[in-house]
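> predicted model follows, preceded by the sequence.
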Amino acid sequence: MPAFSPPTPNPPENPMHRFYTEDQAALRETARRFAEREVLPRAAAIDREDRFDRGLYKGMADLGLFGVALREEAGGAGMGATGACIVMEEIARCSGAVGNAFAIPVEAALFLDHHGNERHKAMIPGILAGDIIPATAVTEPDHGSDVAGLRTTAKRDADGWVLNGTKAWVTFGNVVDALMVFARSGAESGPGGGHKAISCFLLDGKAPGIHRGKNEELLGMHGLEDCMITLDGVRAPADAVVGPENGAFKMAMGNFNFSRLMMSAMALGMAQAAFEDAVAYAKTRKQFGTAIINHQAIQFMIADMSTDIAAARMLIHHAARLYDAGMPIAKEAAQAKLFTTDMAVKHVSNALQIHGGNGYSREYRVERLFRDVRLAQIYEGTNQIQRMIIARQVEKETA
Ligand SMILES: Cc1cc2nc3c(=O)[nH]c(=O)nc-3n(C[C@H](O)[C@H](O)[C@H](O)COP(=O)(O)OP(=O)(O)OC[C@H]3O[C@@H](n4cnc5c(N)ncnc54)[C@H](O)[C@@H]3O)c2cc1C
């Protein structure tokens with residue numbers, strides 16, 4: 001086997017393709033060609049060197065991929081969450097980390113288009129072009145899942161706002177140009193009031209008082225310049241608030257619906273890659289005088305992978321279609337994220353098992369997939385939080 005498996009010449013058919021419109025099929029083809037020609041050959045080096053690949057980022061921008069979900073009037077392609085998931089699966093199939101990088105400008109452009117004022121929206125063309133790198137800072141060292149408890153403060157004065165606090169795990173934190181910071185801007189008003197006192201501020205990522213930590217040393221998803229950011233008396237103009245003052249918690253929750261679909265499609269792409277590698281390996285690796293794919297234990301792992309990947313794809317596209325039709329998808333997005341990321345972690349591990357000792361070696365792509373995919377169960381709301389959301393929605397539906 002070569003060190004990094006080439007894309008399968010005739011990958012197992014994805015039955016969703018039969019239902020794609022012409023535009024969706026062309027989008028998939030564009031994303032797949034870019035991913036196989038540009039991303040795949042650089043994926044191992046990005047992982048090994050843990051370095052942001054600005055050229056690939058710009059390459060995705062030049063293809064117009066960052067505006068895939070944005071409405072046409074705002075400069076996007078108007079292909080919705082469905083389009084974004086189609087692209088994400090293809091990019092993440094060749095590199096989870098590059099897929100992760102793709103998600104950030106797509107989500108930032110949508111967020112600013114939905115909630116921003118004219119000055120904020122003026123940044124969208126730069127984000128789509130890959131010239132302005134956005135990042136979002138919600139999480140803090142002591143407040144992760146408990147977003148409503150965050151402690152970064154924004155105090156109003158005669159000239160605007162002054163922000164103080166510490167943000168953790170900011171993806172793109174060390175390269176960010178446009179930083180969206182969630183901070184406590186109002187007084188808390190009794191139990192549950194915490195979430196009604198949070199605003200989002202769009203800051204210049206290089207503003208005085210913004211201090212970045214060194215890049216986090218992560219298990220996987222390398223090259224994303226993830227770091228802690230300290231805000232030390234950072235000044236922002238009065239119109240830096242994105243959306244309604246004290247209304248950012250609701251905006252963040254709405255944004256999660258879209259971003260969870262993106263993370264689901266990212267995990268799906270990685271599971272698909274692991275599946276293709278496992279099948280190819282099982283057909284060539286011989287033990288006890290026959291290719292290991294002829295052993296029933298291997299066949300059953302492959303059958304379960306194939307089934308769960310197909311089920312995940314259906315869940316994601318179902319939720320994406322609802323989103324594109326303007327329907328509420330809190331439950332469906334959480335279900336897609338929970339199911340897809342759990343199944344991806346399980347089956348990437350099974351794919352590694354099918355590779356035997358070779359799967360444990362950096363020589364084979366499945367080792368990187370195994371490290372990269374694990375993050376998907378943790379961020380954009382851990383899978384414990386997804387279960388809480390689903391249960392709450394079920395309770396509401398049956399009240
Ligand atoms: C590589 C990476 C990139 C990231 N990028 C960003 C970014 O760009 N911007 C950003 O703002 N954040 C980012 N994050 C942060 C991420 O969103 C958080 O790590 C995540 O929300 C979980 O928060 P936590 O790590 O504080 O875990 P905690 O909230 O402390 O959770 C610890 C454990 O407790 C469980 N738990 C917590 N509360 C409950 C509950 N009520 N019931 C049951 N179980 C519970 C969790 O599921 C988890 O298993 C990133 C994180 C990582 C690792």
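Happy to help now that I have it. Numbering: from 1, shown residues only.

> for the ligand, give me its nearest residue in the chain.
Closest approach of the chain to the ligand (Cβ to the nearest ligand atom) occurs at Gly144, with a separation of 1.7 Å. Backbone N, C-alpha and C define where each C-beta goes, glycine included.

> the residue nearest to that residue when sequence neighbours are not counted and Thr153, how far apart?
Closest residue to Gly144 apart from its sequence neighbours, by Cβ to Cβ, 6 or more residues apart in numbering: Ala168 at 7.6 Å. Distance, Ala168 to Thr153, using Cβ to Cβ, to the nearest Å: 16 Å.

> one more: Lys196?
15 Å.

> try Ala236
12 Å.

> domain parsing for the chain?
Domain assignment for the chain by automatic domain parsing gives 15-128, 134-247, 250-397.

> and the residue lying closest to Ile124 once chain neighbours are set aside, how many neighbours does it have?
Closest residue to Ile124 apart from its sequence neighbours, by Cβ to Cβ, 6+ apart: Ala109 at 5.2 Å. Residues near Ala109, counting by other Cβ atoms under 10 Å, number 28.

> ok, Ala109 touching Ile127?
Yes: Ala109 is in contact with Ile127 according to Cβ atoms under 8 Å; the separation is 5.1 Å.

> which residues are common contacts for these two?
Phe66 (Cβ atoms under 8 Å, 6 or more residues apart in numbering).

> surely Thr340 meets Leu315?
Yes: the criterion here is Cβ under 8 Å, and Thr340 meets it with Leu315 at 6.8 Å.

> how much space between Pro328 and Gly254?
Distance from Pro328 to Gly254, by Cβ to Cβ: 10 Å.

> more neighbours, those two?
A side-by-side neighbour count of Pro328 and Gly254, using other Cβ under 10 Å, places Gly254 first with 16 against 12.

> now render the domains of the chain as CSV, adding mean pLDDT.
As requested, the domains of the chain are exported to CSV (pLDDT from 0 to 100):
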stretch, mean pLDDT
domain 15-128, 96
domain 134-247, 94
domain 250-397, 97
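
> how about the residues of the stretch 51-200 of the chain by the ligand?
135-139, 144-145, 169-171 (Cβ under 6 Å from any ligand atom).

> buried members of these into ChimeraX, please.
What follows is the ChimeraX syntax selecting those of these that are buried according to 16 or more other Cβ atoms under 10 Å:
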select :135,136,137,138,139,144,169,170,171
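
> what are the ranges of the strands in this structure?
With DSSP state E as the criterion, the chain has strands at 134-137, 153-157, 160-170, 178-184, 198-204, 210-212, 227-236, 241-242, 286-287, 290-291.

> count the neighbours of Ile378 for me.
Neighbour tally, Ile378, other Cβ under 10 Å: 13.
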